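> need a 3D model of the sequence below.
(chains A, B, C and D)
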Protein chains: 4
Amino acid sequence: MHLGLVGLGKMGGNMRHRLRDAGHTVVGYDRDPELADVGSLEELVDALPSPKVVWVMVPAGAPTHETVDRLGELLGEGDLVVDGGNSRWTDDQAHAAALAEKGIGFVDCGVSGGVWGRENGYALMYGGSPEDVAKVQPAFDALKPPGEFGSVHAGKVGAGHFSKMVHNGIEYAVMQSYAEGWELLQAVDVVDNTTEVFRSWREGTVIRSWLLDLLVASLDDDPDLASIRGYADDSGEGRWTVEAGIENAVATPAITAALYARFVSRQDDSPAMKAVAAMRNQFGGHATRAASAGEPGPDPDLA
Amino acid sequence: MHLGLVGLGKMGGNMRHRLRDAGHTVVGYDRDPELADVGSLEELVDALPSPKVVWVMVPAGAPTHETVDRLGELLGEGDLVVDGGNSRWTDDQAHAAALAEKGIGFVDCGVSGGVWGRENGYALMYGGSPEDVAKVQPAFDALKPPGEFGSVHAGKVGAGHFSKMVHNGIEYAVMQSYAEGWELLQAVDVVDNTTEVFRSWREGTVIRSWLLDLLVASLDDDPDLASIRGYADDSGEGRWTVEAGIENAVATPAITAALYARFVSRQDDSPAMKAVAAMRNQFGGHATRAASAGEPGPDPDLA
Amino acid sequence: MHLGLVGLGKMGGNMRHRLRDAGHTVVGYDRDPELADVGSLEELVDALPSPKVVWVMVPAGAPTHETVDRLGELLGEGDLVVDGGNSRWTDDQAHAAALAEKGIGFVDCGVSGGVWGRENGYALMYGGSPEDVAKVQPAFDALKPPGEFGSVHAGKVGAGHFSKMVHNGIEYAVMQSYAEGWELLQAVDVVDNTTEVFRSWREGTVIRSWLLDLLVASLDDDPDLASIRGYADDSGEGRWTVEAGIENAVATPAITAALYARFVSRQDDSPAMKAVAAMRNQFGGHATRAASAGEPGPDPDLA
Amino acid sequence: MHLGLVGLGKMGGNMRHRLRDAGHTVVGYDRDPELADVGSLEELVDALPSPKVVWVMVPAGAPTHETVDRLGELLGEGDLVVDGGNSRWTDDQAHAAALAEKGIGFVDCGVSGGVWGRENGYALMYGGSPEDVAKVQPAFDALKPPGEFGSVHAGKVGAGHFSKMVHNGIEYAVMQSYAEGWELLQAVDVVDNTTEVFRSWREGTVIRSWLLDLLVASLDDDPDLASIRGYADDSGEGRWTVEAGIENAVATPAITAALYARFVSRQDDSPAMKAVAAMRNQFGGHATRAASAGEPGPDPDLA
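Sure, this is the predicted structure:
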């Protein structure tokens, strides 16, 4: 099929390759002319046969809003926009409604796979009407992994990004799970080689997984992760997962723990712990002091 | 090699099969005469050539203590006891020291794999001196999965059970991660078929894993898990992981969340929430009442 | 001063009393004619001298939106609307802007104190311009507790409800703190009389507080809280506090734990724990079974 | 009454003053001769009339064990040891049993109040037989606050320290509750003066408490707590509370959150977050980078 692709960063660029390798014709646009096949969105749209299908692969929020708005101006009846970025699922309905006014279809598609996707395929979760999905199905088939799994028509518009959001929420918590286990294994002086224990878990265990494989790959490079700062960004989807839980009275304590650990990892000093220290000083009558990590310090309540 | 095996339940029984399939000679003892090859521990010990190697596969705590004590009486210089059960790692040192008085060696071995182990192999994490480990290495080689991973000599005595304990702590949290995602996906009316979304994640995603495969197998049988009560035991190792974290000032919020969710799942009513409800009644001036899950109830603070 | 008061439920009704006891003239309107002084919002507005001040004390969300909208139609230049309900602080800006188009001022006021407020006074946190606040200051002075604390001009519009929201978030977590301690004290058979221990804490301890006093009052009535179900609604403000934390990358683990405990308390069965049980069944090869609360159950990983 | 007091630090020293102010005769011993009334434990014991009552006020663990052991050698039939330190309640039974062999009684007493105790009285929770408690009751009456609350005979030996442990667990969580609220109020730019909001809460609110008063006192000195590092020790009792919960299958998520926040506050860098960052790098294909606290960073999953 012919496909327009907007956004040719690490993800979009690799996806262009995988689509072309499968025999599809891809016209790519990016703000960076080094990456782009055409000079503007207009040129991209002009280059496509009807019904025109444009896949948007730009950051969530304003960049996606702007791109979808502009495509709404350029496209027409029967054309289709696919939002393959990490948009919040609650944005999809608005995008779909705005495009529908001009008879343009909309499909939201969550994409997972990172830098490994070009080679292994991208997991895809998409939402939209069967008619709209059918228009982009050949691209989905090219992008997905070769096996029987890895892609799903999850439901109506929004279902794709919602599924991807939950996927990422789970991802946060699974990463946190391994991370806590690794810290504990490192902290207690009983295991000779933490990396070898993690490596052994890659087969036969209950916890074998791709994330475990990745962690072992990191430990192979740097067994104590000495070169890496204990600092983790969050990308929005973890936040949205917790918020969706709260709106629906669904407790997500492990996912939330993972999210909060990232928040705290980015603070130079914790205001909350300043307040705790301040209260302890008040009733203990003395300043708190450094203690070795493994040993409880003096109790200000028994000063 | 010749091996004595004490405890022939689901795990021990399957391990006997796998060991025999590999050509080893196994003499099994169990309290249940239907399962046992011999009528007593004495007979088992008598049936082994020296150096005698006895693998203990009975529940942690008193059953393991008693079996190790009795083997200390029956075995002698140069013999070896392997504790393959889920003992607390802090018990290993005491077992090893008691046996060492008679010149008997000790190896602790954490075993993972559940009912799938007979076919796929068991992941093994063991601790002990190189000499002691060497005596049982042929059995380890037969039990482990065929690939390059799945077994590790983790360190000195205790390192095997410690590693297995951390493995199980991670397991708790990873299971909780998927469980939270599943509850959220079920709760919001946007995805058509939750099972299909989970199934699609089996390839190409960041969160693909064996536990995910198992969850999909369950959902295939019962898409809403209607036949299963939301109730989960815990086996000790989750608790020990959290306690080991606390003793070493290592925060394990995701693992702890998983453990606490299991505690709460077993309560008919929560005493803590009775106390919360009691306080709300006091300042709100009225009894709390049922509200639909998705919607916040009336605020007693603004009665 | 003259004041219109819309909403005469438990909170509004008691506030009318306290305002009148202080010598103010209050015209009250409620949908329930039994409670109301006038038959309609129009009559209420007509009964007030200019500048007219109308205090809205109705549930957050739609009821408040509608009341504010209607007052926007009835009031005029120089008049003032006070929202004393538990509105989300992010609503305040919109209300203020809509009213400002007609020259009507707006003050948001968080009110705490529950059924004890009539006698002890209500804690007030309000936001708005100094000019607007001045118009309602006499009412604030009448409603607040007699001491030097208990009321604050927190900042611009929204600051009142934001402060009250955080107050309630803290309240959730403090209640949870006592509740956890009570459950633990009840669970271990070492203390003779849990109520007497809690009562003793009312003086001299670090944790003495009004909420502790209330819990002791409940325990006096029902020492095991046998008549109270472990079930707690949430009123919106706990959710908003956690969400405000997430939006600002502020971790609120204790407040969140309190919120989630309330969510779980309202579930007959936990979908998440069904999923956990399902996975355990898959790898343990047997159905989970009931275990006594205090003792870990059998490990499906060592079946 | 006559009382021997061992340990004259901030707590013990102030208690000696309060006991003497009430007319009791106190013989104090401390390793620091500047603080001591006598030169040795022997002299202290010799100076007391029979039945001799010795109150031990030294750090939990080895110092308390050693002091109790030594008193077991020096005291005799009918004498009494009171452990007023922060011992783990599980130590009390062993201390009581060892002393009972010589007919010496034992009472464990949890003491709260910090530096404010000398003036306001100390909250006391004690455990032991009625006969033993009666021997030290006059000292309890002198030490406790003047009102009707503040002391309790909680049950048998161990009940005092168990109650104090739970008190401190609650204390951790209540402090964390205020701390989270304060961080959030500081983080969002809507409230003009955070200190004034906290101060207003001292009356009329649901969350008024002594800890709130202390926090306001700190904020009065340093409104942004700029001079205080966000670093908090823990004293053992928080850990024991969580561990006691785990042993009894009682979930304590808020108390645990408070404990973990302290653990993390003492780490220069988080090993767990190194592992999270390492995994993100692996699948995102790039190093993580600094992001402003309030805004989610780039998603490595959509690099």
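
> distance check, residue A:137 against chain D.
With distances taken as CB to the nearest CB, to the nearest Å, residue A:137 is found 22 Å from chain D. To be clear about C-beta, it is placed using only N, CA and C from the backbone, and glycine gets the same treatment.

> any idea how far residue A:126 is from that residue?
9 Å (CB to CB, to the nearest Å).

> what angle separates the strand or helix carrying residue A:255 from helix C:253-265?
Using DSSP states H and E, residue A:255 sits within helix A:253-265. Calculated by axes from the mean of the first three to the mean of the last three CA atoms, to 10 degrees, helix A:253-265 forms an angle of 170 degrees with helix C:253-265.

> ok, back up a step: tell me which of residue A:137 and residue A:126 has more neighbours.
residue A:126 (28 against 16; other CB atoms under 10 Å in any protein chain shown).

> give me the contact status of the helix holding residue A:255 with chain B.
Yes - Helix A:253-265 reaches chain B (CB under 8 Å from any CB of the partner chain) through A:253, A:254, A:255, A:256, A:257, A:258, A:260, A:261.

> hmm, that helix touching chain D?
Yes - looking at helix A:253-265 against chain D by CB under 8 Å from any CB, the contacts come from A:253, A:258, A:261, A:262, A:263, A:264, A:265.

> now check whichever helix or strand comes after that helix, is it near chain B?
Helices and strands here follow DSSP H and E; after helix A:253-265, the next one along the chain is helix A:271-284. No - against chain B, helix A:271-284 shows no contacts by CB under 8 Å from any CB, the least distance being 12.8 Å.

> who touches helix A:271-284?
Contact with helix A:271-284 is made by A:287-288, A:299-301, A:303, C:206, C:250-251, D:114-116, D:175-176, D:178-180, D:182-183, D:186-187, D:211, D:214-215, D:217-219, D:222, D:225, D:228-233, D:258, D:261-262, D:265, as judged by CB atoms under 8 Å, 6 or more residues apart in numbering or on different chains.

> now for the helix holding residue A:255, which elements pack on it?
helix A:159-187, helix A:237-247, helix B:159-187, helix B:253-265, helix C:253-265, helix D:271-284 (3 or more CB pairs under 8 Å, 6 or more residues apart in numbering or on different chains; DSSP states H and E).

> between that helix and helix A:271-284, how many degrees?
Going by the same axes, to 10 degrees, helix A:253-265 makes 80 degrees with helix A:271-284.

> got the CA coordinates for helix A:253-265 in CSV?
C-alpha atoms of helix A:253-265 as CSV (Å, rounded to 0.1, in the frame of the first residue of the first chain):
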residue,chain,number,x,y,z
PRO,A,253,-0.4,0.0,44.1
ALA,A,254,2.5,-1.7,42.3
ILE,A,255,2.2,0.5,39.2
THR,A,256,1.9,3.6,41.5
ALA,A,257,4.9,2.5,43.5
ALA,A,258,6.9,2.3,40.3
LEU,A,259,5.7,5.8,39.2
TYR,A,260,6.5,7.4,42.6
ALA,A,261,10.0,5.8,42.6
ARG,A,262,10.7,7.6,39.4
PHE,A,263,9.4,10.9,40.8
VAL,A,264,11.6,10.6,43.8
SER,A,265,14.6,9.5,41.7
